[in-house]
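**Student:** with the sequence up front, the predicted model follows.
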Amino acid sequence: MKIVIQCAAKKHPDAGYMMAKDGKRIVFVADPENAPASDEFRFARPDGIAAGEKTWRELLLECNQQPDNNPLHLLPAYRLYMNGTYEALVNAYGRGNIYILSAGWGLIGAEFLTPKYDITFSPSADLYKRRKKRDQYNDFCMLPKDCDEELVFFGGKDYLPLFSDLSKDYRGKRIVFYNSIIEPKAQGCNLIRFETTTRTNWHYGCAKAFLKGDIKA
């Protein structure tokens, strides 16, 4: 079984940043032009040009090609986010079976070294952090292409369109948990309602119930 869980706003305080040539730390946001002025950080988009003709996304891939050489102290994706559910899923199913759906980077593996970023689909976030449907991203999709195992998704409705799109070519059965009264649209996916009174970040409770065996795919 493969599991995908959406990303989180709160990042580990010790997580590393990508760095600009002048030594300033890079914070990735959806709309750098409208980010607040900062003497400490530079703001950039993941697909913006970093150096020469390379984008930040390409530089991040290069960082991941030599994960043992990690001077920026980037954290594996499952350790980047503060909620313990990510690590609990890894402990239960193994690093190679857990994926994170990131609004900034796409569908990345749990071990993928990931810098701090501040991009979200949440409508309550500041506008410069908010990824919009029309925005262009060269999202990663690190799911295996020849796998028939079930793929389970824990995430909110704002992240479901990206999951549906990035996983559309996955060969195995796709299962999506949701909690709304009205069934969401997720073409080609099997939908299972998770009933809860929690409305914010309910997917953590859903994932924990799944880990305990209280619900099944």
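**Tutor:** Arrived safely, thanks for sending.

**Student:** buried residues, the helix or strand of the chain with the lowest mean pLDDT. List them.
**Tutor:** Lowest by mean pLDDT, DSSP states H and E among the helices and strands of the chain is strand 49-51, with a mean of 88. By 16 or more other CB atoms under 10 Å, the buried positions in strand 49-51 come out as A50. Just so you know, the C-beta spots here come from the backbone N, C-alpha and C atoms, and that holds for glycine as well.

**Student:** can you give me how far it is from the chain middle?
**Tutor:** In terms of CA atoms, centre = their mean, to the nearest Å, the centre of strand 49-51 is found 22 Å from the chain centre.

**Student:** just stretch 76-88 next, same as before
**Tutor:** Distance of stretch 76-88 from its chain centroid, counting by CA atoms, centre = their mean, is 11 Å.

**Student:** I'd like the average pLDDT over that stretch.
**Tutor:** Per-residue pLDDT over stretch 76-88 has a mean of 97.

**Student:** which parts of that stretch are buried?
**Tutor:** By neighbour count on 16+ other CB under 10 Å, the buried set for stretch 76-88 is 76-81, 83, 85-86, 88.

**Student:** any idea how far the one residue sitting closest to the centre of the chain is from I108?
**Tutor:** In the chain, the residue lying closest to the centroid (CA atoms, centre = their mean) is S102, at 1.9 Å. According to CB to CB, to the nearest Å, S102 and I108 sit 6 Å apart.
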